[in-house]
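Student: test case, fold it:
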Amino acid sequence: MELSAVAVQGHPPLPTYRASVRNASDRPVRRVIATVVYLDANGRALPGENQDVAFGSPLEAIDPGVTIETMFLSRVDSASEVQLVVRVVTFLEKGTGTDPVPREWKNPRYELELAEAEGRRSFRPQVRSPLAARTSAYRPSYGLMTGRPAFLAAPACRSS
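Tutor: All right, here's what the predicted structure looks like:
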């Protein structure tokens with residue numbers, strides 16, 4: 001998924017952002033949930049102001065290669081820029097019958113990407129395994145794996 005958002009001028013009473021959502025995968029996408037990180041004029045995240053937004057439609061999926069244009073409202077009026085971090089994508093797979101089956105993909109790098117968008121450089125992923133927590137040699141390694149399934153192997157989502 002490729003996401004971007006820019007402020008729309010002159011839409012009182014709430015700030016409005018125009019968003020582009022491009023399906024860069026090989027499967028239809030029904031819904032994308034992303035976290036909006038609001039940034040000040042210096043590019044720093046506004047503390048406590050993140051909000052989740054959802055893009056897509058339960059009636060019509062976003063086909064591969066298609067870009068949709070949409071808008072979302074915000075309660076934050078002091079942001080000069082935003083970044084979007086993908087949290088969950090609901091895509092459609094062929095089922096046993098004629099109807100497609102929705103499958104949910106949760107971004108395994110969500111916490112890391114959110115920390116980067118917020119400017120938290122010292123973020124360390126949580127240790128989930130009790131064994132790993134007791135083993136001093138445990139080091140998370142991202143190496144060549146991006147943590148994204150092949151159908152979502154697009155670059156990290158950034159706003160422009």
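
Student: where does pLDDT dip in this structure?
Tutor: Applying pLDDT under 70 to the chain picks out residues 10-12, 121-160.

Student: which strand runs longest in it?
Tutor: Selection of the longest strand in the chain by residue count, based on DSSP state E, yields strand 81-94.

Student: and it, what other elements does it pack with?
Tutor: Under the contact definition 3 or more C-beta pairs under 8 Å, 6 or more residues apart in numbering; DSSP states H and E, strand 81-94 sits against strand 2-8, strand 29-39, strand 51-56, strand 100-106, helix 110-118. C-betas here are computed from N, CA, C, even on glycine.

Student: so what strands line up beside it?
Tutor: Its sheet considered, strand 81-94 pairs with strand 29-39 (antiparallel), strand 100-106 (antiparallel) by DSSP bridges.

Student: among the helices and strands packed on strand 81-94, which is nearest Val86?
Tutor: strand 29-39 (5.1 Å; C-beta to C-beta).

Student: what residues are bridge-paired with the nearest residue in space to Val88 that is not next to it in sequence?
Tutor: The shortest distance from Val88 to any residue other than its chain neighbours is 4.4 Å, reached at Ile33 (C-beta to C-beta, 6 or more residues apart in numbering). In this structure, Ile33 bridges to Ala54, Val88 when assessed by DSSP bridges.

Student: what do you get for Ile68?
Tutor: Bridge pairing for Ile68 - DSSP bridges - gives Val21.

Student: pretty sure it sits against Glu60.
Tutor: No. Proximity of Ile68 to Glu60 does not meet the contact threshold set by C-beta atoms under 8 Å, at 9.6 Å.

Student: and these two? Which one has more around it.
Tutor: Higher neighbour count among Ile68 and Glu60: Ile68, with 17 against 10, using other C-beta atoms under 10 Å.

Student: Asn107 versus the more buried one, what's the distance?
Tutor: Distance from Ile68 to Asn107, counting by C-beta to C-beta, to the nearest Å: 19 Å.

Student: can you check Leu114 too?
Tutor: Using C-beta to C-beta, we find Leu114 at a distance of 9 Å from Asn107.

Student: give me the common contacts of those two.
Tutor: Where contact means C-beta atoms under 8 Å, 6 or more residues apart in numbering, the residues bridging Leu114 and Asn107 through contact with each are Val85.

Student: Leu92 bridge partners, please.
Tutor: Leu92 has these beta-bridge partners by DSSP bridges: Pro102.
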